[in-house]
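In: got a structure for you, letters missing:
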């Protein structure tokens, strides 16, 4: 069982024991740099997160009035809009471009949306529309989206290779709908507090309620309030990593850094790499599975329980 590791504060203070002439803010920065290097060098098991998402059913009741140059969309009296539509997308006429809804007025008979940008099409009243989750939002700490599984069909969506430019070539108006087969990184959304929300476009677009499971790799950062580093990382790893950066710092005017040395840099780099490899081996041993199945199997391959029972020895 893993025991809690040192906190961020404990680690950068240990760096100062080796480098007492290093300003504390630099010691903190160098530890953060070493932590980032370590986090991005391996797919650490502790950073894997499994989540679920549910696409809502599209909403098309009534019509809308849109005005060129305005970010306000007005609904006809028959439309009933709710706050659950916040941050979904609206497509006037049922085709792209899609606008993201950033505010909803649910006044009965006089509902309005506020769009993330002004409407660029021709002014129109009585226009058909679709409100749907065409850009699915993911956690703000997402670093790598590893896999998305269609629970209804049991296959994985393709999350690599394809781009928005590719979709613009094969389905510029985004009229294709049905069962998605790929998920493409879409423009992110910036929340009011400045948080960047990653988004992916599922294609063809989803019109009915549909569940998905996904696994992603989390992004983590060190802060003054970090109560511990990853359990599998040795504190010495970050100490050596920070000292490696310290050996590259020449010092201040009139106060040179006595650790400024290529030899020390090389020495601490080697110790850092040795510690890193030990941590990686430890993590892989902990995460080892008896049977591993490649994720790149054919998307519609009948890889179910019966197939495994019949074919896996």
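Out: That came in fine, so what should we check first? What you see is a predicted model; the values in this text were computed from it and never measured.

In: SS state for residue 232?
Out: Using DSSP: H, G, I helix; E, B strand; the rest coil, the structure places residue 232 in coil.

In: do the one 4 residues further on as well
Out: In terms of secondary structure, residue 236 is helix; the call rests on three-state DSSP.

In: pull up the gap between it and residue 10, please.
Out: Separation of residue 236 from residue 10 (Cβ to Cβ, to the nearest Å) stands at 12 Å. C-beta coordinates here come from the backbone N, C-alpha and C atoms, glycine included.

In: of these two, who's got more company?
Out: Set side by side, residue 236 and residue 10 show more neighbours around residue 236, with 17 against 12, by other Cβ atoms under 10 Å.

In: which ones are touching the more buried one?
Out: Contacts for residue 236 (Cβ atoms under 8 Å, 6 or more residues apart in numbering) come out as 271, 275.

In: any idea of the pLDDT on it?
Out: Confidence at residue 236, expressed as pLDDT, is 94.

In: okay, strands next: where are they in the stretch 201-313 of the chain?
Out: 210-218, 251-252, 255-256 (DSSP state E, counting those that start in this stretch).

In: return the most buried member of those.
Out: Of the strands of the stretch 201-313 of the chain, the one with the most neighbours on average (mean count of other Cβ atoms under 10 Å) is strand 210-218, at a mean of 17.

In: what's near enough to touch residue 83?
Out: Contacts of residue 83 by Cβ under 8 Å, 6+ apart are 104, 106.

In: correction: residue 153
Out: Contacts of residue 153 (Cβ under 8 Å, 6+ apart): residue 179.

In: do you know how far it is from residue 187?
Out: Residue 153 is 28 Å from residue 187, by Cβ to Cβ.

In: residues in contact with the nearest residue to residue 244 once chain neighbours are set aside?
Out: Residue nearest to residue 244 in three dimensions, not counting chain neighbours: residue 268, with 4.1 Å by Cβ to Cβ, 6 or more residues apart in numbering. Contacts here follow Cβ under 8 Å, 6+ apart; on that basis residue 268 touches 240-241, 243-244, 247.
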